[in-house]
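Asker: model this:
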Amino acid sequence: MTITGAVQQEQETDHESPSPIPCRILGVYSLAKAAATGHGATARTYEQKTYWFVRRTEDDEYLVQALNGNAIPSGPLTTVSKGEFIRTYHPEAGYYEKRCLPFIDSLKKKLAQADKHLAEEDLDGAEKEFCKALLLDEKHPKANIELGKIHMQKGDGKKLASAMRRILSNDALFQEQERHLFNDFGITLRKEKHFAEAISFYAKALEHNSCDENLHFNIARALAESGNHDAARTHLDTALALRPDFEPARRYRDYLDKVGTPMAGDAQSDGAAP
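Answerer: Numbering: from 1, shown residues only. Take a look at the predicted model:
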């Protein structure tokens, strides 16, 4: 087995989708805050009310997620303590059933239709449905990631660049709950030799979790395959500092030490998935 083969075999098990946090859905709550407008004699204060989808964990913490303009829970999850939740959030009876569910059901149907098109290898049909989904929830992790993959498969660099801008500005996508999605996308970027995009993508993920040895390993792979072995070694060293028994990172660093620093384009390009 080659080194890259060994890396692929061992490392794929390190990126399984995390187990969902056991939660109880509480529904929609509102949060009211005082806001100010104007200056001097025209200054006035008013109450600004926002709506949040709320779940409670088994640890008695509360996960809140803002509703977007279509009453769909969207964007990052925020954890608040029980005390803070009780003090500042207020239940909105019937809001979830009346306002949220129709849009959520519509979003689910569009995503299901897009998945059907993907299964049939109908990229145009899938692209259309994912775009419709983003009209309902522009921050939806899966819709953004799958559109990026479609643009790669179709070789549409302009649309891929646009998708990357949306993805890199989408903090919700880089949360632990969506780790399986962003890892899969990063691997696909590297396999398709979009090294600059893969590096930017993993760098963004590291901003959210700089202590994840797997992210350091993944960005090292992209850097090495783009020809930047020095930066790759730095990330491999960090991965091993975080986890000394991380054998795939050790093997890959040993491999880079063995082959030296080739010119850009001469780096490995077997596409082995981390």
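Asker: can you pull the contacts of Leu31?
Answerer: Counting by Cβ atoms under 8 Å, 6 or more residues apart in numbering, Leu31 touches 49-52, 88-90. All C-beta atoms are positioned from the backbone trio N, CA, C, and that covers glycine.
Asker: Toward the C-terminus, what is the element adjacent to the helix or strand where it lies?
Answerer: Here Leu31, judged by DSSP states H and E, is contained in strand 23-37. Note on strand 23-37: by DSSP H and E, the next helix or strand toward the C-terminus is strand 44-57.
Asker: just checking, what packs against the helix or strand following that following strand?
Answerer: For strand 44-57, the succeeding helix or strand toward the C-terminus, using DSSP H and E, is strand 62-66. Where contact means 3 or more Cβ pairs under 8 Å, 6 or more residues apart in numbering; DSSP states H and E, strand 62-66 is packed against strand 23-37, strand 44-57, strand 78-80, helix 82-88.
Asker: related to what we said a few turns ago, ok, of the contacts of Leu31, which come out buried?
Answerer: Those of these that meet the buried threshold are 51-52, 89, by 16 or more other Cβ atoms under 10 Å.
Asker: quick check, nearest of these to Ala241?
Answerer: Trp52 (38.8 Å; Cβ to Cβ).
Asker: Could you double-check that that closest one lies in contact with Gly27?
Answerer: No. The criterion here is Cβ atoms under 8 Å, and Trp52 misses it with Gly27 at 9.8 Å.
Asker: can you give me how far the helix or strand containing Leu215 is from the chain middle?
Answerer: Applying DSSP H and E as the criterion places Leu215 in helix 213-225. Averaging C-alpha positions (Cα atoms, centre = their mean, to the nearest Å) puts helix 213-225 17 Å from its chain's average.
Asker: With the flanking residues excluded, which residue is spatially nearest to the residue nearest in space to the middle of the chain?
Answerer: The chain has Leu173 as the residue nearest its centroid, 2.5 Å off, counting by Cα atoms, centre = their mean. Excluding its sequence neighbours, the residue lying closest to Leu173 (Cβ to Cβ, 6 or more residues apart in numbering) is Pro141, at 4.5 Å.
Asker: before we move on, the earlier item: out of the buried ones among the contacts of Leu31, who's nearest Thr78?
Answerer: Trp52 (8.7 Å).
Asker: Show the contacting residues for Ser30.
Answerer: When contacts are counted by Cβ under 8 Å, 6+ apart, Ser30 touches 49-52, 89-90, 92.
Asker: May I have the beta-bridge partners of it?
Answerer: Beta-bridge pairing of Ser30, defined through DSSP bridges, involves Tyr51, His90.
Asker: just the helices in the stretch 51-200 of the chain please.
Answerer: 82-88, 95, 101-119, 123-136, 141-153, 157-168, 179-191, 195-208 (DSSP state H, counting those that start in this stretch).
Asker: mind putting those in CSV, mean pLDDT and distance to Tyr62 included?
Answerer: What follows is the helices of the stretch 51-200 of the chain, written out as CSV (pLDDT from 0 to 100; distance: least, Cβ to Cβ, whole Å):
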stretch, mean pLDDT, distance to Tyr62
helix 82-88, 95, 4
helix 95, 96, 17
helix 101-119, 97, 20
helix 123-136, 97, 25
helix 141-153, 95, 21
helix 157-168, 93, 28
helix 179-191, 88, 22
helix 195-208, 93, 21
